[in-house]
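J.: 3D, please:
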Amino acid sequence: MALLQKLAQKLANTQFGIKAVKEKADLDVFKQRPSFRVLVGIILMGISYILGWPAISVLGFVSYKYELPLLFIIGGPVLYGISHLIFLLGLYLAGANYAKVFLRWMVRWMIEKYSVEELEDKGINN
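T.: Alright, predicted model coming up:
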């Protein structure tokens with residue numbers, strides 16, 4: 001608990017924390033329907049998880065079953081790299097807006113819960 005209080009006090013002394021509390025950062029953006037671009041980005045990130053370790057595991061099994069070790073030695077890293085590229089494309093399309101909104105809300109919540117004294121010292125009423 002003391003660690004969270006120290007972190008909240010440090011956050012309360014930053015411009016980001018002060019602004020999040022003053023503007024009463026909330027999660028209203030999650031109530032809106034996401035754009036087509038964001039949906040495509042989220043779907044691509046989901047596909048990248050399927051192409052990650054599950055597909056590499058299947059590739060390893062096939063490689064073992066048919067005694068083709070080069071299939072796994074070369075195909076595994078290639079498939080893993082492709083899954084990372086798909087994830088990065090999805091991340092780019094989805095954008096960082098949702099992460100930023102969530103982070104601002106979390107900082108505000110933490111400051112208000114664990115650092116009431118810092119808010120009173122700065123004259124910020126919550």
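
J.: for the protein, which spans come out with low pLDDT?
T.: For the chain, residues meeting the criterion pLDDT under 70 lie at 1, 116-126.

J.: So which residues of it form helices?
T.: 2-12, 15-22, 36-51, 53-65, 69-94, 97-114, 116-122 (DSSP state H).

J.: Could you report the distance from the spatially most central residue of the chain to residue 81?
T.: Central residue of the chain (C-alpha atoms, centre = their mean): residue 99, 6.0 Å from the mean position. Distance check for residue 99 against residue 81: by C-beta to C-beta, to the nearest Å, it reads 24 Å. C-beta coordinates here come from the backbone N, C-alpha and C atoms, glycine included.

J.: returning to that earlier point: out of the helices of the chain, which is closest to residue 29?
T.: helix 97-114 (4.8 Å; C-beta to C-beta).

J.: residues of the closest one that come out buried?
T.: The neighbour-count check on helix 97-114 (16 or more other C-beta atoms under 10 Å) flags 101, 104-105, 107-108, 110-112, 114 as buried.

J.: Quick check: the farthest pair among those residues?
T.: Among the buried residues of helix 97-114, 101 and 114 lie farthest apart (C-beta to C-beta), at 20.8 Å.

J.: Which residue is the nearest non-sequential neighbour of residue 94?
T.: residue 41 (3.1 Å; C-beta to C-beta, 6 or more residues apart in numbering).

J.: No further questions, thank you.
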